[in-house]
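Participant: I need the structure of the sequence given here:
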Amino acid sequence: LPSQAQTGTILGEVINFDGTPLEGAVMLIERQDISQNFETETGANGQYRVAVPRGSYRVTLQVNGSNLTFVDGLNVDSGEEEVTDFNLPELADTPEARAAMEARARAEATSAAFDVGRAALDAGNFEEAIAQFTIAAESDGSQHVIFANLAGALAGARRHEEAAEAYQKAILLAPTEAGY
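Facilitator: Okay, the predicted model is just below:
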């Protein structure tokens, strides 16, 4: 048989908590009868599509690194399509969904504060930059680049002791970063 005749397709759509298509959700597709895995992301329209060999599969929806839910026992036959949609408003009351929503909100808040901080730093508005980088650092204290920029803003404001502390935090988070 040609290889195309030996595969089927798993496809579907992911609807975000606000009712819009969710772009960038990771779809983990695990073959259950033998060890074989596939991974794809949803497009701007919230849809995904993966050609897979015949077999039994688990499809897991992952958002911001958290597995929200899964569907087990999808049996895919040659030439067939198995549709597996995920509607996040239906999952909103699960602990996993709440954790994913919180992680997404934190990531968005961190990014927004960092962007405003960068604009303020570029404009020489050091106090505003310090305030925004501090918000970003409190939201996500694991990103060395936030602390490096905070250090730059503190140095610009002539708060050298605090700048040194922020640089030390950046170095601790990324000791092999060439810029440090």
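Participant: list the buried residues in stretch 21-34.
Facilitator: Within stretch 21-34, the residues scored as buried using 16 or more other Cβ atoms under 10 Å are 22, 25-27, 29-31. For glycine as for every other residue, the C-beta is placed from the backbone atoms N, C-alpha and C.
Participant: repeat that for stretch 117-127.
Facilitator: For stretch 117-127, the neighbour count (16+ other Cβ under 10 Å) marks 117-118, 120-121, 125-126 as buried.
Participant: same check on stretch 6-24?
Facilitator: Applying 16+ other Cβ under 10 Å to stretch 6-24 flags 7-8, 10-17, 22 as buried.
Participant: ok, the buried residues of stretch 117-127 vs residue 91, which is closest?
Facilitator: residue 117 (33.8 Å; Cβ to Cβ).
Participant: which strand or helix spans the closest one?
Facilitator: Using DSSP states H and E, residue 117 sits within helix 95-122.
Participant: pLDDT on that helix, on average?
Facilitator: Averaging pLDDT along helix 95-122 yields 85.
Participant: ok, now stretch 53-73?
Facilitator: Stretch 53-73 comes out at a mean pLDDT of 89.
Participant: kindly export it (C-alpha atoms) in PDB.
Facilitator: The C-alpha coordinates for stretch 53-73 follow below in PDB (Å, rounded to 0.1, in the frame of the first residue of the first chain):
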ATOM      1  CA  PRO A  53      -0.200   5.900  11.300                       C
ATOM      2  CA  ARG A  54      -3.200   3.600  12.000                       C
ATOM      3  CA  GLY A  55      -3.400   3.000  15.700                       C
ATOM      4  CA  SER A  56      -4.800   4.000  19.100                       C
ATOM      5  CA  TYR A  57      -4.000   7.500  20.400                       C
ATOM      6  CA  ARG A  58      -4.200   9.900  23.400                       C
ATOM      7  CA  VAL A  59      -4.500  13.600  22.500                       C
ATOM      8  CA  THR A  60      -3.400  16.000  25.200                       C
ATOM      9  CA  LEU A  61      -4.100  19.800  25.200                       C
ATOM     10  CA  GLN A  62      -1.200  21.800  26.600                       C
ATOM     11  CA  VAL A  63      -1.400  25.500  27.300                       C
ATOM     12  CA  ASN A  64       1.600  27.500  28.700                       C
ATOM     13  CA  GLY A  65       3.300  24.300  29.600                       C
ATOM     14  CA  SER A  66       0.400  22.800  31.600                       C
ATOM     15  CA  ASN A  67      -1.600  19.800  30.400                       C
ATOM     16  CA  LEU A  68      -5.200  20.900  30.600                       C
ATOM     17  CA  THR A  69      -7.100  17.800  29.500                       C
ATOM     18  CA  PHE A  70      -6.800  14.800  27.200                       C
ATOM     19  CA  VAL A  71      -8.900  12.400  25.200                       C
ATOM     20  CA  ASP A  72      -7.900   8.700  25.300                       C
ATOM     21  CA  GLY A  73      -8.700   5.800  23.000                       C
END
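Participant: cheers, nothing more for now.
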